[in-house]
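>>> with the input below, show me the fold.
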Amino acid sequence: MIELRFCSVDWTPGGCVSHFRDGRSYGAHPHDLPHYHAIAHRLGYEGDILRYCREHEVAHHVIGEAFDQPSAVLWALAHGAEPSAFDAAAEESLAMNLQAFARTNQVPFVAGVDWSRSRSRFLAVLEKADA
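This next block holds a predicted model:
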């Protein structure tokens, strides 16, 4: 189990589940679709869509921590709501920027995030998960 500030994440055989402190959960699984494979490859996962999926969920949570809040997207989904279009687009972009920085060293040109700190946190959390 991966412990984060606002939740924990469990790897499952087919993806992962985020467990929020209030007891709500949300599961994610990879999508075997061409665009999903392309995104995973572009972000440094070389076709490993399961790893991309799992790490993407963790990236959402690490981005939330950077803004001192739970992931707006995963929180909404775990609570039976849809995130706003803006929240979804913004957080997805930030999560993918974090993954690209961590996996391919593409430095994000997005202000407002301490990218070095977030990358260190992201990689440290994932290292514990792999131990």
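
>>> contacts and neighbour counts: CA atoms only from here.
Will do.

>>> low-confidence ranges, the chain, go.
In the predicted model, the chain carries pLDDT under 70 at residues 131.

>>> all strands for the protein, in order.
2-3, 7-12, 15-20, 25-28 (DSSP state E).

>>> what's the most buried one of these?
Mean neighbour count, computed with mean count of other CA atoms under 10 Å, is highest for strand 15-20 among the strands of the chain, reaching a mean of 22.

>>> walk me through which strands that strand pairs with, and which way each runs.
Sheet pairing here is set by DSSP bridges, and for strand 15-20 it gives strand 7-12 (antiparallel), strand 25-28 (antiparallel).

>>> need the strands of the chain in a markdown table (columns: distance to Ala129).
Shown next, in a markdown table, are the strands of the chain (distance: least, CA to CA, whole Å):
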| stretch | distance to Ala129 |
| --- | --- |
| strand 2-3 | 6 |
| strand 7-12 | 9 |
| strand 15-20 | 12 |
| strand 25-28 | 17 |
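
>>> circling back to that earlier point, the strands paired with strand 15-20: which one's closest to Ser116?
In terms of CA to CA, the element of those nearest to Ser116 is strand 7-12, at 21.9 Å.

>>> other residues contacting that closest one?
With CA atoms under 8 Å, 6 or more residues apart in numbering as the test, strand 7-12 has contacts from 1-3, 16-21, 54, 58, 61, 70.
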